[in-house]
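Q: below: sequence and its predicted model.
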Amino acid sequence: MNESCHKSAEMAITGDGTPTLMVPEYSEAMHSSSGAYEEALLKHVKPSRVLELESGSISVLDIGFGIGYNLLALLFEASLSPLKKKLRIISCEFERTYHQHMKTIRFNDRRDEQYAKLAKLYADGYYCDGQIDAVMLFGDARNHALSFSGMDFDAVFHDPFSPSKNPELWSVEFFKAIRRGINEHGILTTYSSAFQARGAMIEAGFRIAGGPSVGGKREGTLASVFGKLDYFCNDEISKIVLNPKSVPYRDMGLSCTREEIREHRKTEMKERKALKQVI
Ligand SMILES: C[S@@+](CC[C@H](N)C(=O)[O-])C[C@H]1O[C@@H](n2cnc3c(N)ncnc32)[C@H](O)[C@@H]1O
C-alpha cells in the first residue's frame, strides 16, 4: 500500500462510460466493468434508502473512498431533491495518491460540480459548506474503528476490495465496530455475496438480506439491525451459516496482517471439517 504501487494504477472506461481505476496491488478494478458510477448508485446509494429518511440531517460512513463515486452518487442524488438535507459524512481511505486520477475525471454534466467538492475533501481532509460536513480519515480504517462507536450512522457504504484480497475490512471484528456505530434502522450496503462476508456480518450481530444484482453480476448483501429490508428467512440463514465457506475472517485486536487473517480462517475451516467428521 504505497505510492509506487499506485503509480502504475490505470484508468479504464466501464460500461456506463465512467472510468474506474485498476489497482495492481489487489489485481482488481475499483468498480464493476459494467458501470462504475451505476454500481455506486444502484448498489450503495439507492439500496441504503438514506435519502428517503424524513429527518433533515443524515449521517453516512463510507468505507473505502477510492475515487469517490459512492459519495458522488450520494451528493448528486441529494442535489436533485428539493429538500436540502444536511449530510454528515465520514470517509475512510488508506491511500493518499488518488488525487492524480481524480483530477483527470470529468462527467461533462452536473455531477462535475459535486465531484469538485469530493476532490477538495480528498485533498484537504475535510469539506464543509452549509449542507455538507465531511471528514476523511486517512490510513488503515481499522485504526479509526473505535471512533465509530455511537456515531448513529444512517447508512454505511461498505466498499473495500474483495474479501479474499482485502480481508481486514471483512472480519467479524470490523463489522462489530461498524455495528457499534450504525443506528438500529441504518443500512449497510455492499456488493459482495461471499459466504465469509455474510458469515462475518451475521456473527457481528447484523440481520442480512440480498442486495441488488447490477450488470448481470451476483447480488450484493445488505445488513441492518432493524432497518426495513427483505431479510433472509431462517432457512436461508441456516444454509449460509452451515456452508463451510461461511467461516468468517477474524482479526483480534484489529491489527493482524492479511496473511494472518487468511491463515486463521483456513485453520478454522479445517478444524470445523474435522469436528464434523467426528460428529
Ligand atoms: C473498491 S475501492 C473503493 C471504491 C470507492 N468506494 C469509489 O466509490 O470510488 C476500495 C478502497 O478501499 C481502500 N482500502 C483498502 N484497504 C483499506 C484499509 N485497510 N483502510 C482504508 N481503506 C482501505 C482502497 O485503497 C480503495 O481505495
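A: Done, it's in.
Q: separation between Phe175 and Ile105?
A: From Phe175 across to Ile105, the span is 31 Å (CB to CB, to the nearest Å). C-beta: built from backbone N, CA, C; applies to glycine.
Q: pick out whichever of these two has more residues nearby.
A: Using other CB atoms under 10 Å as the criterion, Phe175 and Ile105 rank with Phe175 on top: 27 against 19.
Q: look up phi and psi at the residue lying closest to the more buried one once chain neighbours are set aside.
A: In this structure, Phe175 finds its nearest non-sequential neighbour in Ala204, 3.5 Å apart by CB to CB, 6 or more residues apart in numbering. Note on Ala204: its backbone torsions stand at phi -80, psi 0 [degrees, to the nearest 10].
Q: pull the number of nearby residues for Thr107.
A: Careful, residue 107 is Phe; it's not Thr. Around Phe107 there are 16 residues (other CB under 10 Å).
Q: nope, Thr104 is what I was after
A: Using other CB under 10 Å, Thr104 has 9 neighbouring residues.
Q: Leu41 now?
A: 21.
Q: now the one 10 residues further on
A: Leu51 is surrounded by 18 other residues when neighbours are defined as other CB under 10 Å.
Q: report pLDDT for it.
A: Per-residue confidence (pLDDT) for Leu51: 96.
Q: shouldn't it be in contact with Val45?
A: Yes - the pair Leu51 and Val45 passes the contact test of CB atoms under 8 Å, sitting 7.3 Å apart.
Q: which neighbours do these two share?
A: Listed contacts common to Leu51 and Val45 are 74, 77; contacts here mean CB atoms under 8 Å, 6 or more residues apart in numbering.
Q: helix or strand for Glu236, just tell me which one.
A: In the assignment (DSSP states H and E), Glu236 maps to helix 234-242.
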